[in-house]
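Visitor: Sequence first, predicted coordinates after that:
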Amino acid sequence: MEPKIVFQGQTKTGKKVIIRYPTMDDLLPMLNFINTISVEQTFVRPQGEQFTLEQEEDYLKDQLEKIEAKKVVKLIAFIDGKFVGTADIFMKAQVESHVGVFGIIVANGYRSEGIGRLLMENVIKESLKEMPQLRIVELSVFANNPLALDFYKKMGFIEFGRLPEGVLHRGQYVDHIYMYKKL
Ligand SMILES: CC(C)(COP(=O)(O)OP(=O)(O)OC[C@H]1O[C@@H](n2cnc3c(N)ncnc32)[C@H](O)[C@@H]1OP(=O)(O)O)[C@@H](O)C(=O)NCCC(=O)NCCS
């Protein structure tokens with residue numbers, strides 16, 4: 001099946017970017033992407049652990065089923081055919097069925113070019129289309145990640161709480177900050 005493209009345009013430095021839904025054909029680039037991110041020990045959950053092909057296959061299958069069931073919108077970004085980032089919103093359930101949880105990662109070497117903003121704008125737009133019950137987007141961010149905090153504030157997210165020392169990052173306890181945006 002042809003992947004569904006949601007955006008084609010240029011980054012701030014004029015590179016051609018494509019943002020689209022994933023398919024099973026994206027398995028290997030996705031595995032490589034997440035394992036590289038994990039080694040970097042950046043401001044995300046994986047901190048060095050490596051995922052196997054089987055684990056990533058199970059994850060991607062599960063995500064594709066959830067996209068089909070309109071419980072998740074996941075988008076991936078490519079520059080010159082290279083997988084450079086991903087963002088998603090998954091819907092919570094029951095009394096929180098109007099709340100979606102946002103996540104985003106852009107590959108090292110492709111940051112600060114506008115890909116994060118494009119991914120966020122498109123994932124929110126697409127989520128409102130596919131999951132119209134969405135009213136609130138929430139996210140969590142490590143307190144030692146000022147760039148992401150500024151980005152989220154700029155995009156209209158408001159801090160609503162923090163778990164003091166809720167994250168152990170590179171051997172240091174840092175606060176976990178929770179933010180939301182009403183759509
Ligand atoms: C946080 C992240 C997703 C942002 O994506 P990005 O593609 O680098 O962001 P963009 O280039 O679209 O910039 C978005 C905003 O971030 C901020 N920003 C980006 N690069 C910056 C830099 N070098 N210095 C200062 N601010 C910067 C700016 O506020 C920018 O706003 P602008 O579009 O008005 O310039 C990306 O840097 C990343 O994946 N980092 C590592 C993992 C991570 O922190 N994930 C988020 C976990 S909560």
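Guide: Cool, the structure landed.
Visitor: any low-confidence regions in this structure?
Guide: The chain contains no residues with pLDDT under 70.
Visitor: what residues does it put near the ligand?
Guide: 42-44, 104-106, 111-117, 141, 145, 147-148, 150-151, 154 (CB under 6 Å from any ligand atom). Where C-beta positions appear, they are placed from N, C-alpha and C, glycine not excepted.
Visitor: Let's see which of the residues you listed end up in strands.
Guide: Among the residues of the chain next to the ligand, the residues falling in strands (DSSP state E) are 104, 105, 106, 141.
Visitor: Present these as TSV; the columns should include neighbour count.
Guide: Output for those, formatted as TSV (neighbours: other CB atoms under 10 Å):
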residue	neighbour count
104	21
105	21
106	22
141	22
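Visitor: ok, which pair from those is furthest apart?
Guide: 106 and 141 (14.2 Å; CB to CB).
Visitor: For the closest residue to the ligand within the chain, give its distance to residue 152.
Guide: Here the residue of the chain nearest the ligand is residue 116; by CB to the nearest ligand atom that distance is 2.1 Å. Distance of residue 116 to residue 152, computed by CB to CB, to the nearest Å: 10 Å.
Visitor: Strands of the chain, start to end?
Guide: Applying DSSP E to the chain gives strands spanning 5-10, 16-20, 72-79, 82-91, 99-106, 136-142, 158-169, 172-182.
Visitor: Centre of the chain to the fifth one, how far?
Guide: Mean C-alpha position of strand 99-106 versus that of the full chain (CA atoms, centre = their mean, to the nearest Å) differs by 4 Å.
Visitor: Okay, now the sheet partners of it, with direction.
Guide: Within its sheet, strand 99-106 is paired with strand 82-91 (antiparallel), strand 136-142 (parallel), according to DSSP bridges.
Visitor: The longest one too?
Guide: The partner list of strand 158-169 in its sheet, established with DSSP bridges, is strand 172-182 (antiparallel).
Visitor: One more: the shortest one?
Guide: On the basis of DSSP bridges, the sheet neighbours of strand 16-20 come out as strand 5-10 (antiparallel), strand 72-79 (antiparallel).
Visitor: and the first one, which residues are buried?
Guide: Pointing back at strand 5-10 there. By neighbour count on 16 or more other CB atoms under 10 Å, the buried set for strand 5-10 is 6, 7.
Visitor: Can you give the distance of it from its chain's centre?
Guide: The answer for strand 5-10 is 17 Å, by CA atoms, centre = their mean.
Visitor: Likewise for the last one?
Guide: Between the centre of strand 72-79 and the centre of its host chain there is 8 Å, according to CA atoms, centre = their mean.
Visitor: Give me the contacts around that strand.
Guide: When contacts are defined by CB atoms under 8 Å, 6 or more residues apart in numbering, strand 72-79 is touched by residues 6, 11, 15-22, 26, 30, 63, 66-67, 83-91, 106, 110, 115, 118-119, 122-123, 126-127, 130-131.
Visitor: so which of the strands paired with strand 99-106 is the most packed in?
Guide: Across the strands paired with strand 99-106, averaging neighbours per residue (mean count of other CB atoms under 10 Å) puts strand 82-91 on top, at a mean of 22.
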